[in-house]
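[1] no sequence for this one, just the structure:
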């Protein structure tokens, strides 16, 4: 027994010495060296010793959840995140600190175990500016730390250095090459008979950011995006390959690439650049989420024309490919194809022109998808859905309509048109439809529109529709960038009796805690959650837990995308109160909706 006591005392002494060693290193280093924040739950003292040996001052944080607060409180530019033996936690810390490190124009070194070496790409995607894989010695660590400091120095110098007046070589906002410099560079590559290509990257939702936060925040966002894309564009450039990153327009960047083997790497590089948009961008106290898409064009030397005209053609073709990518999901990459892409661009231009006419002549059709009670099968409400009946192309989807509206800068006008039509239609309903609630979708741009509340109030007053029959549906993506402003707007509506539903819940940045800050009456589970109701036991536990919590908060739960009887039974068993989907009914016009509700013997009360 006494032997065990002696051993325990020695362990306690060793732990005390280690703790004192870490404190001593912090105190000594703080006297005259640059501080370095170390986030390490397991090997903090070992890393601190390496930092001190490199002549810098360690600042230790062993608790990952406190890393962001510690970084905010410390005057550090360089962060070392030790993910050895704790990969998931380390990557989470890197992702949490990444935006703040960028804003401070700092650097982040992530340490990985040998077994996790293949996670180096994930670490860079999470925000690391450099990665080291163990085992490594003190000299190599000191070199990595020195390079991290130089990286921070370069960022600070680039931000502080004034640009030559009217040089035309650099973009004044981001410090990147200007479009003129990129065109000249591409001309030089063509003149040297070097194969070259272009990747054009479009920033999604930029117009909304400009509307919501103003030009100053939008400009600073572009500068932060440029700082994040720069290291990705420069990283691991193979011998003989040249790259030039530039800014084209307000919300587009481009990277020129030359070299015989670069053609095969264009798409991979484009996807690496787009992964930089997966983390939010920190501007002051805001975390702003934007998406990216990319278009690619390549010249193997066969394009006709002089070097200057080829350079112009390459940029135009990459922009055409980007137009194709904009019609796809965030993160999409599209290549230019000579005939098909020109046709697609021409078709989009025609659609934009035709949309102006559709707003005037009633070419936009409103359909209604019923929402049915799981307790008695009563239809209590409908969601208004838009379609575009085009005279040449036939019925076009809501996605095509909204994307065309956005590219034609008609998004607000189309939104107002759809809401006004739907409200007027619902106000005139009689019989089985007389008291149905009608749900309308609104976007972030709608919420930021200064006339949104007034135009909605005007529609209600003119039509005579009771506010209690109106439900406004918003997605988390539409409110995440300015939660407080969105909550204030929605609170005004709710105060007047309008219902508020959080749409596609679970598809984006879902947090049940966030619901407490929002004036929400209803959550509509995303269709992926509806599928989870019939998935694995783990999936069911997660979905059923969220439903139970939402109901305890007093919220109504609607399951969207219910397509068969199995999903219907699962939604009922999980505690959903309402369902919507093809298992109930597809989107219907007014005549079909009336017949459907009569068959279902819809009650006049929908309370």
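    Alright, I've got the coordinates. Bear in mind the structure is a predicted one, so any value in this text is a computation, not a measurement. Residues are numbered from 1 along each chain as shown.
[2] can you pull the domain assignment for this protein?
    Domain assignment for the chain, taken from automatic domain parsing, gives 2-160, 179-336, 348-599.
[3] end to end on the shortest one, go ahead and measure it.
    End-to-end distance of domain 179-336 (C-alpha to C-alpha, to the nearest Å): 20 Å.
[4] all the helices of the stretch 351-500 of the chain, residue numbers only.
    Secondary structure of the stretch 351-500 of the chain, counting by DSSP state H, counting those that start in this stretch: helices at 398-407, 411-427, 444-448, 452-463, 476-479, 483-495.
[5] least reliable of those helices going by mean pLDDT?
    Note on these: lowest mean pLDDT is at helix 476-479, with a mean of 72.
[6] by contact count, what packs against it?
    helix 444-448, helix 483-495, strand 499-505 (3 or more C-beta pairs under 8 Å, 6 or more residues apart in numbering; DSSP states H and E). (Glycine included, C-beta is placed from N, CA and C.)
[7] now stretch 40-57, how far from the centre of its chain.
    Centroid separation for stretch 40-57 versus its chain: 35 Å, with C-alpha atoms, centre = their mean, to the nearest Å.
[8] pull out the buried positions in that stretch.
    40-41, 43-45, 47-52, 54, 56-57 (16 or more other C-beta atoms under 10 Å).
[9] do the same with stretch 580-598
    Here stretch 580-598 shows 580, 581, 583, 584, 585, 587, 588, 593, 594, 596, 597 as buried, counting by 16+ other C-beta under 10 Å.
[10] adding secondary structure and distance to residue 149, write these out as TSV.
    TSV is the format used below for the buried residues of stretch 580-598 (DSSP: H, G, I helix; E, B strand; the rest coil; distance: C-beta to C-beta, whole Å):
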residue	secondary structure	distance to residue 149
580	coil	56
581	coil	56
583	coil	60
584	coil	61
585	coil	63
587	coil	59
588	strand	64
593	helix	66
594	helix	72
596	helix	68
597	helix	69
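[11] ok, so of these, who is nearest residue 315?
    Closest approach to residue 315 among the buried residues of stretch 580-598 (C-beta to C-beta): residue 587, at 41.2 Å.
[12] I figured that closest one hits residue 369, correct?
    Yes - using C-beta atoms under 8 Å, residue 587 is in contact with residue 369, at 4.5 Å.
[13] find the residues that touch each one of these two.
    Here residue 587 and residue 369 have residue 385 as joint contacts, going by C-beta atoms under 8 Å, 6 or more residues apart in numbering.
[14] about what we covered before: sort out for me which of the buried residues of stretch 40-57 are in helices.
    Among these, the ones falling in helices (DSSP state H) are 44, 45, 47, 48, 49, 50, 51, 52.
[15] surely the first one meets residue 50?
    Same thing as residue 44. No - using C-beta under 8 Å, residue 44 makes no contact with residue 50, being 10.9 Å away.
[16] residues in contact with residue 219?
    residue 173.
[17] buried set for the helix or strand harbouring it?
    In this assignment (DSSP states H and E), residue 219 forms part of helix 215-234. Using 16+ other C-beta under 10 Å as the burial criterion, the residues of helix 215-234 that qualify are 218, 220-233.
[18] following that helix, which helix or strand comes up?
    Immediately after helix 215-234, counting by DSSP H and E, sits strand 242-249.
[19] now do the helix or strand following that following strand, average pLDDT.
    Scanning forward in sequence from strand 242-249 by DSSP H and E, the next helix or strand is strand 252-258. Mean per-residue pLDDT for strand 252-258: 92.
[20] what are the contacting residues of strand 252-258?
    176, 179, 182, 185-186, 189, 194-203, 225-226, 229, 233, 241-248, 265-266, 269, 273, 315, 318-319, 322.
[21] next, the angle from it to helix 215-234.
    Strand 252-258 runs at 20 degrees relative to helix 215-234, counting by axes from the mean of the first three to the mean of the last three C-alpha atoms, to 10 degrees.
[22] buried residues in strand 252-258?
    252, 253, 254, 255, 256, 257, 258.
[23] now do the last one against residue 197, distance only.
    Going from residue 258 to residue 197 by C-beta to C-beta, to the nearest Å gives 8 Å.
[24] please apply the same query to the second one.
    Separation of residue 253 from residue 197 (C-beta to C-beta): 15 Å.
[25] so who does residue 87 touch?
    112, 113, 116, 119.
[26] same thing but at 6 Å, please
    116, 119 (C-beta atoms under 6 Å, 6 or more residues apart in numbering).
[27] longest strand of the protein?
    Longest strand of the chain, by residue count under DSSP state E: strand 379-390.
[28] what's in contact with it?
    363-373, 395-396, 398, 401, 418, 422, 436-440, 587, 597, 600, 602, 606.
[29] in that strand, what's buried?
    In strand 379-390, the ones that count as buried by 16+ other C-beta under 10 Å are 379, 380, 381, 382, 383, 384, 385, 386, 387, 388, 390.
[30] just the residues you listed now: which is nearest residue 551?
    residue 380 (17.0 Å).
[31] can you tell me how far that closest one is from residue 36?
    60 Å.
[32] show me which residues of stretch 177-196 are buried.
    Buried residues in stretch 177-196 (16+ other C-beta under 10 Å): 177-179, 181-190, 194-196.
[33] what ranges does the stretch 1-150 of the chain have for its strands?
    35-39, 57-61, 78-82, 107-112, 130-133 (DSSP state E, counting those that start in this stretch).
[34] and the longest one, what's buried?
    Which is strand 107-112. 107, 108, 109, 110, 111, 112.
[35] who touches the last one in this structure?
    Contacts for residue 112 were tallied using C-beta under 6 Å, 6+ apart; they are 83, 119, 133.
[36] from the residues you listed, which has minimum pLDDT?
    Among these, residue 119 has the weakest pLDDT, 84.
[37] ok, residue 328 - how many residues close by?
    For residue 328, the count of nearby residues is 12 (other C-beta atoms under 10 Å).
[38] over to residue 356?
    When neighbours are counted by other C-beta under 10 Å, residue 356 comes out with 12.
[39] again with the one 10 residues further on
    Using other C-beta under 10 Å, residue 366 has 21 other residues around it.
[40] again with residue 484
    9.
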